[in-house]
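Chemist: Got a sequence here, can you build the structure:
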Amino acid sequence: MTLKSRLVVIDGHWKWHHSIDRIQVPIRLLLKICDSYAVDYDIKFNSNKSVAMRIGPRYNAVCVPFELAGDNLRYVTSIKYLGVVFDASKHFRCLIDHVKMRFYRVFNCIFSKSKAANSEIVTVELLKRYCLPFVLYASEAVTMSSTNCRRLDNCINRAMYKIFAVSNNDNLWQLRHMFGIPSIQTMIESRRQKFFDRLLCDNRYTVVLSVNASNVF
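Modeler: Down below sits the predicted model:
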């Protein structure tokens, strides 16, 4: 069995030796445990597909590479995990370029096929049903910056412009209000609230709920 792995290292403000981050020591130990596990259970890690990425003030600093299965792990500038792309930067940040590409691809397909219906309402409903899920995927679990929210709002506005041929920003937002398409920030907050409401009904997530009540995030 061959496995690939992704490793994200979150740096802190450590006052230690310049070439060694304190957080790297336990990670290297964990990688050694992975090597031992692979030997015991006849599992091989594919070091060519296993990468590492750093997030923090020293994300672009040169350091000793991590080792897995006898090979050095490559440091990358972005990692895609469970459909979400994370960026190597000073702060935790998600990339949305692939989200915009999928949104426009699906919308253009819907728009070209729905012309036969000769109804803008049908096109908008298809937009809400098939395009918005790409925009809001995992939004309740990750932090979306205000810049990314504006960029995603612009995607929806451009789609509404194409449907109704309306370019005025106030008119676009009025149309979105009429069809029940609020701002991205509002939709994310609503999804996050529903997410935590479901956790409230499950006794297994008491630890997660206590962390949320402490306003850690």
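
Chemist: residues near the closest residue to Ile110 other than its chain neighbours, how many?
Modeler: Take Ile110 and drop its neighbours on the chain: the residue closest to it by Cβ to Cβ, 6 or more residues apart in numbering is Leu126, 4.8 Å away. Every residue, glycine included, has its C-beta placed from N, CA and C. Neighbours of Leu126 under the rule other Cβ atoms under 10 Å: 18.

Chemist: Likewise for Val124?
Modeler: When neighbours are defined as other Cβ under 10 Å, Val124 has 21 of them.

Chemist: Please name the residues that touch it.
Modeler: Each residue near Val124 by Cβ atoms under 8 Å, 6 or more residues apart in numbering is listed here: Met160, Ile163, Phe179, Ile181.

Chemist: What is the nearest of those to Val135?
Modeler: The shortest approach to Val135 among those belongs to Ile181, at 10.4 Å (Cβ to Cβ).

Chemist: that's a helix at the closest one, yeah?
Modeler: No. Assigned with DSSP: H, G, I helix; E, B strand; the rest coil, Ile181 falls outside any helix and is coil.

Chemist: Can you tell me how far Tyr81 is from Tyr59?
Modeler: 17 Å (Cβ to Cβ, to the nearest Å).

Chemist: Likewise for Val39?
Modeler: Going from Val39 to Tyr59 by Cβ to Cβ gives 32 Å.

Chemist: what does Asn46 give?
Modeler: Note on Asn46: its distance to Tyr59, by Cβ to Cβ, is 25 Å.

Chemist: Please spell out which residues along stretch 120-136 are buried.
Modeler: Judged by neighbour count (16 or more other Cβ atoms under 10 Å), stretch 120-136 contains these buried residues: Thr123, Val124, Leu126, Leu127, Cys131, Leu132, Phe134, Val135, Leu136.
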